[in-house]
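> What shape does this take:
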Amino acid sequence: MEVEAVLAQAPQPDASARLRSLRVLLVAGPKDHGPGEHDYPAWQKQWSALLAKAPGVKVSTAFPWPKAEQWEGADLVVFYLKTPWNAAQLAEIQRHQARGNGVVTIHWAIGCDQEWENHARHFGLS
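Okay, here's the model as predicted:
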């Protein structure tokens, strides 16, 4: 309800303005912490519903990693999960970015267990 109240106060876009559609893919992994901590599946469910309220935004989800066709259909991929960020995963990120698409990592997803320098090249830090 709080979100709806805030959105109701936002200025409405000019009806003549053409909104660009945005295809967002939310990627979550298995829960790996205690209650209320790092709840990747709950985040994915809540943010899917929230982002879908925005005009021109189409939301899809992947768990625990996107399939090839999901990469092709996404302008922006948002990760909130704990994953090793291995060379194969980072190669998929690179192909996605090379097509001009975006990637966002939230909290735990910024860390990696291997490929530190390669990871930092794609995300800015590691």
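> From the contact counts, what lies against the lowest-mean-pLDDT helix or strand in the chain?
The helix or strand of the chain with the poorest confidence is helix 116-123; it has a mean of 79 (mean pLDDT, DSSP states H and E). Where contact means 3 or more CB pairs under 8 Å, 6 or more residues apart in numbering; DSSP states H and E, helix 116-123 is packed against helix 87-98, strand 102-105. Where you see a C-beta, it was placed from the backbone N, CA and C, and this is true even at glycine.
> Between these, which one is closest to residue 20.
When the helices and strands packed on helix 116-123 are compared by CB to CB, strand 102-105 sits nearest residue 20, at 13.2 Å.
> can you pull out the helices in the chain?
2-9, 40-51, 68-72, 87-98, 116-123 (DSSP state H).
> Let me know which of those is the nearest to residue 78.
Proximity to residue 78 (CB to CB) singles out helix 40-51 among the helices of the chain, at 7.7 Å.
> and that closest one, how far out from the chain's middle?
Put simply, helix 40-51 sits 10 Å off its chain's centre (CA atoms, centre = their mean, to the nearest Å).
> Going by neighbour count, which residues of it are buried?
For helix 40-51, burial by neighbour count (16 or more other CB atoms under 10 Å) applies to 40, 41, 43, 44, 47, 51.
> what do you get for stretch 51-60?
Residues 51, 57, 59 are the ones in stretch 51-60 that count as buried (16+ other CB under 10 Å).
> As TSV, the helices of the chain with distance to residue 20 would be great.
What follows is the helices of the chain, written out as TSV (distance: least, CB to CB, whole Å):
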stretch	distance to residue 20
helix 2-9	19
helix 40-51	15
helix 68-72	18
helix 87-98	18
helix 116-123	24
